[in-house]
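Asks: starting from these lines, generate the structure:
(2 chains)
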2 protein chains.
Amino acid sequence: MSLEITVLGSNSALFAYGRHLTSQLITCGKSHFLVDCGEGTQLQIAKFGIKPSKISHILISHLHGDHYFGLIGLLSSMHLLGRDKELNIYAPVGLSEIITTQFRYSQTALKFKVNFIELTSEDSEVIFENKSLSVFTIPLKHRLYTNGFLFKEKPKERRVNKEKLRPDFTIEQIKSLKKGQDIEGESGEVLFKNDDYTLDPKKAWSYAFCSDTAYTKETSTYVKGVDLLYHESTFGSNEQDRAEITLHSTAQQAAQVAKDAEVGMLMLGHYSTRYESIEYLLEEAREVFENTIPSVEGEKIILDD
Amino acid sequence: MSLEITVLGSNSALFAYGRHLTSQLITCGKSHFLVDCGEGTQLQIAKFGIKPSKISHILISHLHGDHYFGLIGLLSSMHLLGRDKELNIYAPVGLSEIITTQFRYSQTALKFKVNFIELTSEDSEVIFENKSLSVFTIPLKHRLYTNGFLFKEKPKERRVNKEKLRPDFTIEQIKSLKKGQDIEGESGEVLFKNDDYTLDPKKAWSYAFCSDTAYTKETSTYVKGVDLLYHESTFGSNEQDRAEITLHSTAQQAAQVAKDAEVGMLMLGHYSTRYESIEYLLEEAREVFENTIPSVEGEKIILDD
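Replies: Residues are numbered from 1 along each chain as shown, chains lettered A, B, ... in the order given. Down below sits the predicted model:
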């Protein structure tokens, strides 16, 4: 199992320089999460060969239009393409009214069920969980109620060491080994020590999506030690004041969060249209946190062993 | 003065084969009308070098999403780009609620005034008028309340024949000549006959936009004799049944309207995603009405002498 992050849009507020509005696809096994859905996201999905039918969960960080105006069109297209699979939409209060109002006027009865999960908590909460993954909200500080999202693989099982595996082990015994247990005899005595037959589990990966937000120290506690942190970096330090007024972050502030949280890698994004080239933002961030990459539309980052 | 029609989107329902959703820009002098605004229209506007600030009137035919989902994004972008000029939006009941609900949740107070003009009439009515142009609604027959739009230049003034013009004519006398009047003496006697000093006026052009609609005989009465008729042609005759069920038209039916109305030229559009090539639709239409062209995104048709 791995975490895959595909960037679909990297700009803030307006389309510019071929850059589109915020959206990312996060894949973990057979679970596909679309995070934010700016206008034209369905065009980006098609461009990068993603099948919308795969998406079962849509997470909307907040109700500024550059993060959700593409949702109604995507839902309509899913409907026209014959989708019948349920869809879960996690979003602040209001989105359900916005969507249902539009379908009411178009007299559209969707062929698939949409579950609106309204996010209202000011604290981090688990919004999705299966065998291998948990998704948490990350409370952010913006002009509207906003959440980031933390994707955290669950600890994985120990791996059986195939070279040492005994042919007379039963399936039950192998299951016990994977869980880290020794194999015991009938009276509880240790027959085979776990360490002798297993290898350490594969790494459980984690990814945090943080957009939009002012810089806060709290963010680093929520994203502590993640392997990849996407943190908005709308501005450079030349627009520090503007960042403060609009409750956005500079690239340096994004890097400060990455540094404080001791993450593996930082990905910038949500670029202001002021920056045709984002080299400046990248350089500023790298002064604070070296392992920084830009979000580039169409690029897929795979967190895997 | 001329009428200019720029096609921004030519497909129906879904993006396909690089084709976008319905939108056209109609220009008459300094008046710019955006007709319909499917998702991504602002991208098409940018692609074809149109300044959104020029647009003063947006006409929405009906509330199926492929005709208006791009409006909220366009309005947001106008706001972010600092627009302060009033904007008139002509649309069925519901659009104003849809737009204001979204701006309420995003806490956006637009920097410019939007006048929502709600269209409710089942008959043709004048919705815009200035010195040189009138715009009428065209009642259409679709699953939702739908209007087409007729752009009709007003009769133009006679042109002064520069070769015959006398240097002693006053400005008042020239104005009279342009209005088709003779120049009279103080006691009402004809001093100069209009015909001797003027030429016929330039042609007053007309353009009709009809999308979406089932075929009806009434349409041809509304668009009688227009120079250019855009009539939806979602299907070919191989999908006649589907056209009837969905209240759309076939290319042949569009051509029948063109023929009955004796228009100058027919433009097809609103193509179903069934048709990767629209040659088939074009051929079928031309069997009924020869002077038929396809709508091609980015192409500008200029109706002028």
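Asks: hang on, residue A:59 packs against residue A:35?
Replies: Yes. Checked against C-beta atoms under 8 Å, the pair residue A:59 and residue A:35 is within contact range at 4.8 Å. The way it works is simple: take the backbone N, C-alpha and C, and place the C-beta from them, glycine included.
Asks: give me the common contacts of the two.
Replies: Residues within reach of residue A:59 and of residue A:35 at once, by C-beta atoms under 8 Å, 6 or more residues apart in numbering or on different chains, are residue A:149.
Asks: any low-confidence regions in the stretch 51-200 of chain A?
Replies: Applying pLDDT under 70 to the stretch 51-200 of chain A picks out no residues at all.
Asks: so which residues on it come close to chain B?
Replies: Counting by C-beta under 8 Å from any C-beta of the partner chain, the stretch 51-200 of chain A comes close to chain B at A:63-66, A:69-70, A:72-73, A:76-77, A:80-81, A:92, A:94-95, A:97-98, A:101-102, A:105-108, A:143-144.
Asks: out of the residues you listed, which are buried?
Replies: Of the members of those, the ones counted as buried by neighbours, 16 or more other C-beta atoms under 10 Å in any protein chain shown, are A:63-66, A:69-70, A:72-73, A:76-77, A:80, A:92, A:94-95, A:98, A:101-102, A:105-106, A:108, A:144.
Asks: which of those residues fall in helices?
Replies: A:72-73, A:76-77, A:80, A:95, A:98, A:101-102, A:105 (DSSP state H).
Asks: closest to residue B:135 out of those?
Replies: Residue B:135 lies nearest to residue A:105 out of those, by C-beta to C-beta, at 23.3 Å.
Asks: before we move on, the earlier item: can you tell me which two in the ones in helices among the buried ones among the residues of the stretch 51-200 of chain A next to chain B are farthest apart?
Replies: With C-beta to C-beta as the measure, no two of these lie farther apart than A:80 and A:95, at 20.7 Å.
Asks: need the contact list for residue A:221.
Replies: Counting by C-beta under 8 Å, 6+ apart, residue A:221 makes contact with residue A:261.
Asks: distance-wise, check it relative to chain B.
Replies: Separation of residue A:221 from chain B (C-beta to the nearest C-beta, to the nearest Å): 28 Å.
Asks: immediately after the host helix or strand of that residue, which helix or strand?
Replies: Following DSSP states H and E, one finds residue A:221 within helix A:217-222. Downstream of helix A:217-222, the next assigned helix or strand under DSSP H and E is strand A:228-231.
Asks: follow-up on the earlier one: could I have the helix holding residue A:221 exported to CSV, CA atoms only?
Replies: Provided in CSV are the C-alpha atoms of helix A:217-222 (Å, rounded to 0.1, in the frame of the first residue of the first chain):
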residue,chain,number,x,y,z
LYS,A,217,2.3,27.4,15.2
GLU,A,218,-0.6,25.0,15.9
THR,A,219,-0.4,23.7,12.3
SER,A,220,3.0,22.1,13.0
THR,A,221,1.5,20.1,15.9
TYR,A,222,-1.2,18.6,13.6
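Asks: which parts of the stretch 201-305 of chain A are strands?
Replies: A:206-210, A:228-231, A:265-268, A:292-294, A:300-303 (DSSP state E, counting those that start in this stretch).
Asks: for the record, mean pLDDT for the first one?
Replies: So the one you mean is strand A:206-210. Regarding strand A:206-210, the rounded mean pLDDT is 98.
Asks: what of stretch A:261-277?
Replies: 98.
Asks: what residues sit buried inside that stretch?
Replies: Buried residues in stretch A:261-277, counted by 16+ other C-beta under 10 Å: A:261, A:263-273, A:275.
Asks: will you turn the strands of the stretch 201-305 of chain A into TSV that also has distance to residue B:12?
Replies: Below are these laid out as TSV (distance: least, C-beta to C-beta, whole Å):
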stretch	distance to residue B:12
strand A:206-210	35
strand A:228-231	36
strand A:265-268	38
strand A:292-294	37
strand A:300-303	32
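Asks: pick the most deeply packed of those.
Replies: Mean neighbour count (mean count of other C-beta atoms under 10 Å in any protein chain shown) peaks for strand A:228-231 among the strands of the stretch 201-305 of chain A, with a mean of 29.
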